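Colleague: Only the shape, not the letters, is given here:
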Ligand code: BG6
């Protein structure tokens with residue numbers, strides 16, 4: 001049964017940033033609009049620029065009207081806005097945290113937030129240590145008897161294993177693991193959550209879910225968007241750090257894990273950890289053969305010309321940052337031995353689509369599967385977004401007197417089956433944090449293991465001489481040819497999306 005979200009004050013560090021505008025406040029508004037908000041919640045945005053509560057409310061209203069999942073209803077916004085406050089402070093100013101503590105105490109009395117505090121770090125990661133230390137100095141990391149204090153940390157969680165360990169050390173020095181919620185918004189997506197249900201609430205898949213029956217797995221996260229206004233950040237990250245280290249490896253964990261013994265957060269996370277641990281680490285010389293990196297050149301998206309990555313704002317004109325990665329990887333464990341896992345992620349691809357496809361081994365070459373007509377593999381496709389759902393490709397006889405076989409699809413669509421839109425990932429995750437349920441958040445050890453897989457690739461790319469090639473692809477194409485060659489070498493091809 002799901003834990004119940006509790007009354008609390010949510011303090012957002014980075015109250016005026018992009019994430020707060022686009023995701024956090026709209027998500028909180030939608031929680032309120034769906035009637036899911038605990039009886040007393042106060043949201044306190046904290047940032048440096050002086051502003052009144054009313055000014056902040058007006059700014060957030062504009063953002064919510066622009067980015068909300070559902071249209072904003074005035075009466076609901078008005079109620080929600082009354083619980084929205086602004087606290088002006090520099091992240092490094094100790095007095096600001098004392099003022100914050102005073103304000104939160106007052107809100108406990110006035111709004112009934114019961115001493116519960118949820119601190120959301122939506123600021124730049126280089127500020128996290130300062131915030132943690134100042135929360136500690138103001139005594140805000142420890143809750144009163146019967147209350148709780150929790151911290152939600154946005155990605156990126158470090159930029160390599162060393163920095164992730166350091167960040168874990170800093171956070172753990174002031175907050176326990178139980179208090180720490182490392183966000184990976186892909187885990188909050190409805191279909192990502194459905195992976196476990198599909199696998200473990202149905203009896204037909206699990207017996208086949210292994211190397212004996214599965215030929216290969218593909219995971220794709222394609223986006224039509226470029227780097228937009230995030231060139232500064234993206235230059236320090238690239239697709240491998242931005243998407244693979246976190247979102248895609250998390251999806252792989254959900255697909256690849258063994259059944260947990262129960263649904264407790266740590267039982268699930270223990271199993272996920274084993275998946276990342278069994279990922280085969282690449283040696284420097286293997287990176288060239290198993291990983292393809294690409295960067296988009298100029299091209300067209302939806303019929304409109306778009307610039308090359310190197311011509312985007314705040315991007316180095318000689319940038320070596322990858323906007324596309326394709327990988328061939330293996331999980332060295334009993335279940336998945338010898339099953340290749342192909343992953344690709346890219347910006348400025350022709351279509352936005354995130355999907356996991358599980359390709360089953362072919363039927364034996366007797367009866368219908370003779371050399372003259374090789375029939376296709378069964379493929380179970382889990383569509384994470386858009387058009388959330390699951391489909392199974394199978395073979396069927398074409399009606400008529402001849403014995404012709406064609407592939408058909410059994411298809412489940414969330415939209416038509418349940419007739420209602422799924423909540424946004426951030427809505428679910430914020431509610432879980434208010435309820436004290438960390439299942440859909442990454443644990444410190446998972447994050448570190450994921451970096452241990454990523455680091456050798458980044459290192460191989462960063463050598464000065466004879467580094468693996470950075471391929472280019474025109475915006476609006478499906479990525480560099482080298483990624484197709486990676487598949488062709490194995491006699492396979494990427495699934496058409
Ligand atoms: C973010 C990445 O974490 O996820 C972005 O930083 C990416 O680069 C985004 O565009 C994709 O998320 P979604 O939910 O839009 O698929």
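Modeller: Here it is on my side, so go on. For clarity, every value in this text was computed on a predicted model and none was experimentally measured.
Colleague: Give the other helices and strands that the strand or helix carrying residue 233 contacts.
Modeller: Following DSSP states H and E, one finds residue 233 within helix 231-237. Applying 3 or more C-beta pairs under 8 Å, 6 or more residues apart in numbering; DSSP states H and E, we find helix 231-237 packed against no helix or strand. Yep, even glycine has a C-beta here, placed from its N, CA and C like the rest.
Colleague: how about that helix, does it reach the ligand?
Modeller: No: judged by C-beta under 6 Å from any ligand atom, helix 231-237 and the ligand are separated, with a smallest distance of 7.2 Å.
Colleague: where's that helix relative to the chain centroid, distance-wise?
Modeller: 17 Å (C-alpha atoms, centre = their mean, to the nearest Å).
Colleague: residues of it that come out buried?
Modeller: Buried residues in helix 231-237, counted by 16 or more other C-beta atoms under 10 Å: 231, 234-235, 237.
Colleague: how long is stretch 295-315 end to end?
Modeller: Start and end residues of stretch 295-315 are separated by 12 Å (C-alpha to C-alpha, to the nearest Å).
Colleague: is the helix or strand following the helix holding residue 233 up against the ligand anywhere?
Modeller: Elements were assigned by DSSP H and E; along the chain past helix 231-237, the next helix or strand is helix 239. No: Helix 239 is not in contact with the ligand by C-beta under 6 Å from any ligand atom; minimum separation 8.1 Å.
Colleague: pLDDT on helix 239, on average?
Modeller: The pLDDT scores in helix 239 average 98.
Colleague: Mind giving me the packing neighbours of the helix or strand just after it?
Modeller: Along the chain past helix 239, the next helix or strand (assigned with DSSP H and E) turns out to be helix 249-256. Contacts defined by 3+ C-beta pairs under 8 Å, 6+ apart place helix 249-256 against helix 190-200, strand 214-222, helix 265-277, strand 341-346, strand 353-360, helix 444-462.
Colleague: ok, and the closest non-adjacent residue to the residue of the chain found nearest the ligand?
Modeller: Going by C-beta to the nearest ligand atom, the ligand is nearest to residue 242 of the chain, at 4.8 Å. Distance criterion C-beta to C-beta, 6 or more residues apart in numbering; nearest residue to residue 242, sequence neighbours excluded, is residue 234 at 6.8 Å.
Colleague: same check, this time on residue 318
Modeller: residue 310 (7.2 Å).
Colleague: which residues does that neighbour contact?
Modeller: Shown in contact with residue 310 (C-beta atoms under 8 Å, 6 or more residues apart in numbering): 295, 316-319.
Colleague: Out of the residues you listed, which is nearest to residue 70?
Modeller: residue 295 (37.0 Å; C-beta to C-beta).
Colleague: quick one: contacts of the host helix or strand of that closest one?
Modeller: Using DSSP H and E, the element containing residue 295 is strand 291-297. Here strand 291-297 makes contact (C-beta under 8 Å, 6+ apart) with 226, 238-240, 282, 308-310, 319-328, 346-348, 457, 461, 468-475, 479-480, 482-483, 486.
Colleague: Just the buried ones from those residues, in PyMOL syntax?
Modeller: Burial among the contacts of strand 291-297 is assessed by 16+ other C-beta under 10 Å; the matching PyMOL selection reads:
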select buried, resi 226+238+239+240+282+308+309+310+319+321+322+323+324+325+326+327+328+346+347+348+457+461+468+470+471+472+473+475+479+480+483+486
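Colleague: Counting only helices, which of the contacts of strand 291-297 make the cut?
Modeller: The helices, defined by DSSP state H, take in 239, 457, 461, 482-483, 486 from these.
Colleague: If residue 342 is in a bridge, with which residues?
Modeller: Counting by DSSP bridges, residue 342 forms beta bridges with residue 218, residue 328.
Colleague: Surely it touches residue 325?
Modeller: No: at 11.3 Å, residue 342 and residue 325 do not qualify as touching, with contact defined as C-beta atoms under 8 Å.
Colleague: Identify each buried residue in stretch 489-497, please.
Modeller: Under the neighbour-count criterion of 16+ other C-beta under 10 Å, stretch 489-497 has 492, 494-495, 497 buried.
Colleague: Using a markdown table, lay out the residues you listed together with distance to the ligand and secondary structure.
Modeller: As requested, the buried residues of stretch 489-497 are arranged in a markdown table below (distance: C-beta to the nearest ligand atom, whole Å; DSSP: H, G, I helix; E, B strand; the rest coil):
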| residue | distance to the ligand | secondary structure |
| --- | --- | --- |
| 492 | 25 | coil |
| 494 | 19 | coil |
| 495 | 18 | coil |
| 497 | 14 | coil |
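Colleague: returning to what we had before: so which of the contacts of residue 310 is the closest to residue 50?
Modeller: Of all those, residue 316 has the smallest distance to residue 50: 34.8 Å, by C-beta to C-beta.
Colleague: Which of the helices or strands spans the closest one?
Modeller: Using DSSP H and E, residue 316 is not contained in any helix or strand.
Colleague: all strands for the stretch 51-200 of the chain, in order.
Modeller: 84-88, 117-121, 149-153, 180-182 (DSSP state E, counting those that start in this stretch).
Colleague: Determine which stretch of these is the most buried.
Modeller: Mean neighbour count, computed with mean count of other C-beta atoms under 10 Å, is highest for strand 117-121 among these, reaching a mean of 25.
Colleague: Now do it against strand 149-153, angle only.
Modeller: In terms of direction (axes from the mean of the first three to the mean of the last three C-alpha atoms, to 10 degrees), strand 117-121 departs from strand 149-153 by 20 degrees.
Colleague: What mean pLDDT does strand 117-121 get?
Modeller: Strand 117-121 carries an average pLDDT of 97.
Colleague: In its sheet, which strands sit next to it, and in what direction?
Modeller: Partners of strand 117-121 in the sheet, by DSSP bridges, are strand 8-13 (parallel), strand 149-153 (parallel).
Colleague: Switch the ones you listed over to CSV; also include distance to the ligand.
Modeller: Converted to CSV, the strands paired with strand 117-121 look like this (distance: least, C-beta to the nearest ligand atom, whole Å):
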stretch, distance to the ligand
strand 8-13, 18
strand 149-153, 13
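Colleague: can you list those in TSV and add mean pLDDT?
Modeller: Shown next, in TSV, are the strands paired with strand 117-121 (pLDDT from 0 to 100):
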stretch	mean pLDDT
strand 8-13	98
strand 149-153	97
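Colleague: got the ones you listed as a markdown table, with distance to residue 258 columns?
Modeller: Putting these into a markdown table (distance: least, C-beta to C-beta, whole Å) gives the following:
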| stretch | distance to residue 258 |
| --- | --- |
| strand 8-13 | 35 |
| strand 149-153 | 28 |
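Colleague: of all these, which lies closest to residue 25?
Modeller: Of all the strands paired with strand 117-121, it is strand 8-13 that lies closest to residue 25, at 8.3 Å by C-beta to C-beta.
Colleague: How far does whatever helix or strand comes next after that closest one sit from its chain's centre?
Modeller: Sequence-wise, the next helix or strand downstream of strand 8-13 (DSSP H and E) is helix 18-19. Relative to its parent chain, helix 18-19 has a centroid offset of 15 Å by C-alpha atoms, centre = their mean.
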